[in-house]
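Asker: what follows is a protein structure lacking sequence information:
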């Protein structure tokens with residue numbers, strides 16, 4: 001059986017990222033609200049209703065552009081890195097089999113590329129989703145510009161350390 005073409009793997013990751021983003025965005029918004037407001041009651045349906053009252057059904061996708069846009073490089077980076085790493089480790093093996101330790105290493109490398117590709121999008125998404133920031137940013141581009149201008153490019157990596165740890169261990 002032949003190995004999938006690299007462009008095919010990358011495209012499959014991109015499509016998977018878009019589908020994932022569109023389907024989970026409302027729940028991602030609710031999760032982010034719960035994380036930002038830990039003292040608020042964590043009730044799914046009342047929170048969804050509150051979000052819809054704030055701005056209609058479109059409000060369920062507030063912060064969705066950076067989320068969905070970020071899922072494309074995230075999934076593409078993860079799948080491409082995993083596939084490339086597995087191929088490389090197989091080529092290094094005298095039996096051309098993927099050993100367990102190499103499978104783990106390929107997964108960890110995949111997690112690193114995923115985290116690096118997705119972290120800036122996550123920062124912007126959280127800023128746009130936070131109830132405290134409603135009205136502060138006009139759109140995704142405005143949020144990105146203001147974060148970089150006011151906090152520097154390093155602000156786009158907030159949370160990268162724990163994400164790398166989680167991705168490499170998990």
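Answerer: Yep, that arrived. What you see is a predicted model; the values in this text were computed from it and never measured.

Asker: for this protein, what spans make up the helices?
Answerer: Assigned by DSSP state H, the helices in the chain fall at 6-36, 44-55, 64-92, 100-129, 140-151, 160-169.

Asker: the fourth one - contacts with which helices or strands?
Answerer: Other elements packing on helix 100-129 under the criterion 3 or more CB pairs under 8 Å, 6 or more residues apart in numbering; DSSP states H and E are helix 6-36, helix 64-92, helix 140-151, helix 160-169. The way it works is simple: take the backbone N, C-alpha and C, and place the C-beta from them, glycine included.

Asker: among these, which is the most enclosed?
Answerer: Stretch with highest mean neighbour count among those: helix 64-92 (a mean of 20; mean count of other CB atoms under 10 Å).

Asker: state the mean pLDDT of that one.
Answerer: Helix 64-92 carries an average pLDDT of 89.

Asker: phi first, then psi, for residue 136.
Answerer: phi -80, psi -30 (degrees, to the nearest 10).

Asker: that one: how many residues sit nearby?
Answerer: Residue 136 has 12 neighbouring residues, counting by other CB atoms under 10 Å.

Asker: the residue lying closest to residue 108 once chain neighbours are set aside: what's it in contact with?
Answerer: Distance criterion CB to CB, 6 or more residues apart in numbering; nearest residue to residue 108, sequence neighbours excluded, is residue 168 at 4.3 Å. Contact partners of residue 168, counting by CB atoms under 8 Å, 6 or more residues apart in numbering, are 108, 111, 112.

Asker: same deal with residue 87?
Answerer: residue 3.

Asker: sorry, back to before: distance to residue 45 added to the helices and strands packed on helix 100-129, as CSV?
Answerer: Below are the helices and strands packed on helix 100-129 laid out as CSV (distance: least, CB to CB, whole Å):
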stretch, distance to residue 45
helix 6-36, 10
helix 64-92, 20
helix 140-151, 28
helix 160-169, 29
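
Asker: quick one on the thing from earlier: rank the helices of the chain by pLDDT, which is bottom?
Answerer: helix 6-36 (a mean of 83).
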